[in-house]
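Q: Pasting the sequence and the predicted coordinates here, then a few questions.
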Amino acid sequence: MFPFKTTEGEATFFGKTLPALMTARPDYASVTYGAGGSTREKTLEIVEQIQNDFSLTTMAHLTCIKHTQAEIDAILDEANNRGIRNILALRGDPPPGEDWSQTEGGFEFASELVTHIRGRGDFGVAVAGFPEGHIDCGEGREVDWQHLVRKVACGADMVITQMFFDNADYFQLADYLREAGVEAPLFPGIIPVANAGQIKKFSAMCGAKLPEAFAARLDELGDDAEAVREYGIEYATAQCRELLDRGAPGLHFYTLNKSKAVLQILGNLGLS
Ligand SMILES: Cc1cc2nc3c(=O)[nH]c(=O)nc-3n(C[C@H](O)[C@H](O)[C@H](O)COP(=O)(O)OP(=O)(O)OC[C@H]3O[C@@H](n4cnc5c(N)ncnc54)[C@H](O)[C@@H]3O)c2cc1C
């Protein structure tokens, strides 16, 4: 989920979207954190409300960018006071047009945030993983995966991947982590494609490639929004089925604050 921008968005989320998603009995939810802390209060408020009103374990995302260690500590104290027990520890990305730079008195990599949170002893910690390698890692995906192994060794309980559309990338990362002795589960991040333009933008921003046949089919469907949505569900269903058949420990959906596509996919899989 991501923090909503309007009160109507909030009403829809708590009144319709989340109750619908709850019918699938999720293990947890997680709520994103806006760049540089722009959604700080909102993220923590939403996590607290989901936990209180829906009794669903919920994880707050937290990013290092533009935060000093003292600010991070204040956020963790506030999270703790609100009864939040789980953090997805991230580096974060600079706002469009800016290059990444470490904040003075802050952290350079997510691994440092993991170590810091672990040192406080009061949270479960998840981290991000990149089946195709992180977009900024010029040395290639295996070097990025080595960084991931070290990040997990700093004390992460689980890894959630960036969206991907070729399961081979997930399985290769899973094999790599297994061979490196990583025991933390690797949850595949799945996005049901609902809009061709949006997914092309997202994938260019984060470096997730769209397989040729998939991109060609989206082009063929063009502006037929309903057909794109159906194809997105069909594609994600096939992806999820193979992932579960071949040992993925579960599924993490990027819901984009919507319920229908995710519920349809789970229905197709016989899991709703
Ligand atoms: C599941 C998930 C949820 C997300 N949620 C949010 C969110 O809520 N808000 C938000 O702003 N962003 C979010 N992001 C995006 C994330 O912040 C970016 O992808 C960011 O660029 C990388 O974050 P990270 O935590 O993986 O960084 P890191 O693990 O710090 O890695 C960043 C880069 O540094 C490299 N690196 C790591 N360690 C070292 C080292 N020791 N030496 C040299 N290089 C190193 C890595 O290879 C990588 O290229 C999310 C991503 C995912 C996959």
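A: Sure, I can see it. Quick caveat: nothing in here was measured; it's all calculated off a predicted structure. Numbers count the residues shown, from 1 in each chain.
Q: going forward, measure contacts between C-alpha atoms and count neighbours the same way
A: OK.
Q: the bottom helix or strand of this protein by mean pLDDT?
A: helix 196-206 (a mean of 93; mean pLDDT, DSSP states H and E).
Q: Span of stretch 126-141 from start to end?
A: Taking CA to CA, to the nearest Å, stretch 126-141 runs 20 Å from one end to the other.
Q: Ignore what I typed, I meant stretch 96-114.
A: 25 Å.
Q: Pull out the buried positions in that stretch.
A: Neighbour counts over stretch 96-114 (16 or more other CA atoms under 10 Å) mark Q102, G106, F107, E108, F109, A110, S111, E112, L113, V114 as buried.
Q: Make TSV from those residues and add distance to G270 and secondary structure to it.
A: Shown next, in TSV, are the buried residues of stretch 96-114 (distance: CA to CA, whole Å; DSSP: H, G, I helix; E, B strand; the rest coil):
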residue	distance to G270	secondary structure
Q102	46	coil
G106	45	coil
F107	43	coil
E108	43	coil
F109	39	coil
A110	36	helix
S111	37	helix
E112	40	helix
L113	38	helix
V114	36	helix
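Q: Within reach of the ligand, which of these are there?
A: F109, A110, S111 (CA under 6 Å from any ligand atom).
Q: returning to what we had before: next helix or strand past the least confident helix or strand of the chain?
A: Sequence-wise, the next helix or strand downstream of helix 196-206 (DSSP states H and E) is helix 212-221.
Q: okay, the angle between that next one and helix 196-206?
A: With axes from the mean of the first three to the mean of the last three CA atoms, to 10 degrees as the basis, helix 212-221 and helix 196-206 are set at 150 degrees to each other.
Q: What are the contacting residues of helix 212-221?
A: Residues from elsewhere that reach helix 212-221 (CA atoms under 8 Å, 6 or more residues apart in numbering): A196, A227, V228.
Q: ok so the second one is a helix residue?
A: In this case it means A227. Yes. Under DSSP: H, G, I helix; E, B strand; the rest coil, A227 falls within a helix.
Q: Tell me, how many residues neighbour the spatially closest residue to it that is not a sequence neighbour?
A: Closest residue in space to A227, ignoring its immediate chain neighbours: L221 at 6.5 Å, by CA to CA, 6 or more residues apart in numbering. L221: 16 surrounding residues under other CA atoms under 10 Å.
Q: Kindly report the same for R241.
A: If we define neighbours as other CA under 10 Å, then R241 has 15 of them.
Q: M158 and the ligand, how far apart?
A: 11 Å (CA to the nearest ligand atom, to the nearest Å).
Q: do D224 as well
A: Distance of D224 to the ligand, computed by CA to the nearest ligand atom: 29 Å.
Q: same question, Y231
A: To the ligand, Y231 is 23 Å away according to CA to the nearest ligand atom.
Q: Which parts of the stretch 1-150 of the chain are helices?
A: Assigned by DSSP state H, counting those that start in this stretch, the stretch 1-150 of the chain shows helices spanning 7-12, 18-22, 40-54, 69-81, 110-120, 141-153.
Q: What residues sit buried inside the last one?
A: Buried residues in helix 141-153, counting neighbours by 16+ other CA under 10 Å, are found at R141, E142, D144, W145, H147, L148, V149, K151, V152, A153.
Q: Out of those residues, which are close to the ligand?
A: When contact is defined as CA under 6 Å from any ligand atom, the buried residues of helix 141-153 meet the ligand at D144, H147.
Q: Would you mind writing the CA trace of stretch 145-160 as CSV?
A: The C-alpha coordinates for stretch 145-160 follow below in CSV (Å, rounded to 0.1, in the frame of the first residue of the first chain):
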residue,chain,number,x,y,z
TRP,A,145,23.5,-9.7,-4.9
GLN,A,146,26.8,-9.8,-2.9
HIS,A,147,25.7,-6.5,-1.3
LEU,A,148,22.3,-8.2,-0.6
VAL,A,149,24.0,-11.1,1.1
ARG,A,150,25.8,-8.7,3.3
LYS,A,151,22.7,-6.7,4.0
VAL,A,152,20.9,-9.8,5.1
ALA,A,153,23.9,-10.8,7.3
CYS,A,154,23.4,-7.4,9.1
GLY,A,155,20.2,-8.9,10.5
ALA,A,156,17.3,-9.0,8.0
ASP,A,157,14.6,-11.5,8.6
MET,A,158,13.3,-11.6,5.1
VAL,A,159,13.8,-10.2,1.6
ILE,A,160,11.1,-8.7,-0.7
